[in-house]
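Chemist: only geometry, no sequence info:
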């Protein structure tokens, strides 16, 4: 068990604003992924995204004068985190390809629920309480509403399957974020993020070569913009800022500002993908967003 009792559970205003901004941008990730998937299937999409992101991280490291090489004895931990990262991203991209942007946005945003659950058992000083537990119940009720709609007994199909895959990827993301706490405390966030991505590049490329076909006929500025958004904004800037916050504050509190993510994701899905706003989506956003807000609690102020 990792000792985090020395890390503050309250966030200063600057950290609150940074968390909200990052999670709002993160809400656009399912939309960007779906735009990129029109050309690059899930494994190739992940490879291109994180190839771009590693370049961004290296440039940032050189600018800051930070080495991307981990200290001796930490590479085994980074390998575990990188492996969890590779599996989670693969599952996420496959799930996004099989469901709508609105559904993916809501279900992706549930990762703080799993962060809170895993942190309760794996990070000392980051325990569940009545407020967090209530938030978990409300958020999972919202998840149930979304999944119930897309898995109607009269219409069980690929869309429902994709929703459960996205939910599974959110659980894996929650676990990965908690696993990152230990290396982030021992190392600067730059080598942690860098090696996490680099470790995934080889399996992403091998999987793409063996199992996928790139649809070059669909290449245009829209899918390219989607990939750049994923690589530069989400995987580059977003991961760096998020890792910085995770290193210094309670992981469940930082992650729980994701309550803005489903809202921004649903709005962008409607605007850019033409997704329909259904009753289950509306209530799903309300319940999930409220639950995540309760998990964040008054400590975040």
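Modeler: Received, thanks. Being a predicted model, the structure only gives us computed values, none of them experimental.
Chemist: which residue is nearest the middle of this protein?
Modeler: residue 173 (6.1 Å; C-alpha atoms, centre = their mean).
Chemist: residues touching that one, list them.
Modeler: 88, 92, 111, 114 (C-beta atoms under 8 Å, 6 or more residues apart in numbering). Every C-beta, even on glycine, is put in place using the N, C-alpha and C of the backbone.
Chemist: one more time with 10 Å, if that's ok
Modeler: 84-85, 88-89, 91-92, 108, 110-112, 114-115, 255 (C-beta atoms under 10 Å, 6 or more residues apart in numbering).
Chemist: same check, this time on residue 172
Modeler: Contacts of residue 172 (C-beta under 10 Å, 6+ apart): 84-85, 87-92, 111, 114.
Chemist: buried set for the helix or strand hosting it?
Modeler: Applying DSSP states H and E as the criterion places residue 172 in helix 158-179. Neighbour-count burial for helix 158-179 flags 159-160, 162-179 (criterion: 16 or more other C-beta atoms under 10 Å).
Chemist: same question for it, mean pLDDT?
Modeler: Model confidence over helix 158-179, given as mean pLDDT, is 84.
Chemist: what's the very next helix or strand once past it packed up against?
Modeler: Once the chain leaves helix 158-179, the next helix or strand it forms, by DSSP H and E, is helix 181-186. The criterion is 3 or more C-beta pairs under 10 Å, 6 or more residues apart in numbering; DSSP states H and E, and the helices and strands that helix 181-186 contacts are strand 2-3, helix 75-97, helix 111-122, helix 189-211, helix 239-248.
Chemist: what does helix 181-186 rub up against?
Modeler: Taking C-beta under 10 Å, 6+ apart as the rule, helix 181-186 contacts 2-4, 6-7, 70-71, 73-75, 77-78, 80-81, 115, 118-119, 122-123, 126, 177, 189, 191-193, 195-196, 243-248, 250-251.
Chemist: what's the answer for stretch 138-149, then?
Modeler: Contacts for stretch 138-149 (C-beta under 10 Å, 6+ apart): 99, 102-103, 105-107, 109-110, 112-113, 116, 155, 159-160, 163-164, 166-167, 170, 256, 259, 262, 278-295.
Chemist: kindly recompute the last result at 6 Å.
Modeler: 103, 106, 110, 113, 163, 280, 283-284, 287-288, 290-292 (C-beta atoms under 6 Å, 6 or more residues apart in numbering).
Chemist: again with stretch 91-105
Modeler: Counting by C-beta under 6 Å, 6+ apart, 27, 30-31, 33-34, 37, 42, 45-46, 146, 150, 158-159, 162-163, 165-166, 168-169, 262, 265-266, 269, 273, 275, 281 sit against stretch 91-105.
Chemist: write the PyMOL selection for whichever of the contacts of helix 181-186 are buried.
Modeler: Here is the PyMOL command that selects the buried residues among those (16+ other C-beta under 10 Å):
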select buried, resi 4+7+70+74+75+77+78+81+115+118+119+122+123+126+177+189+191+192+193+195+196+243+244+245+246+247+248+250+251
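Chemist: okay, now the unreliable bits of the protein?
Modeler: 1-11, 149-160, 251-252, 255-256, 296-301 (pLDDT under 70).
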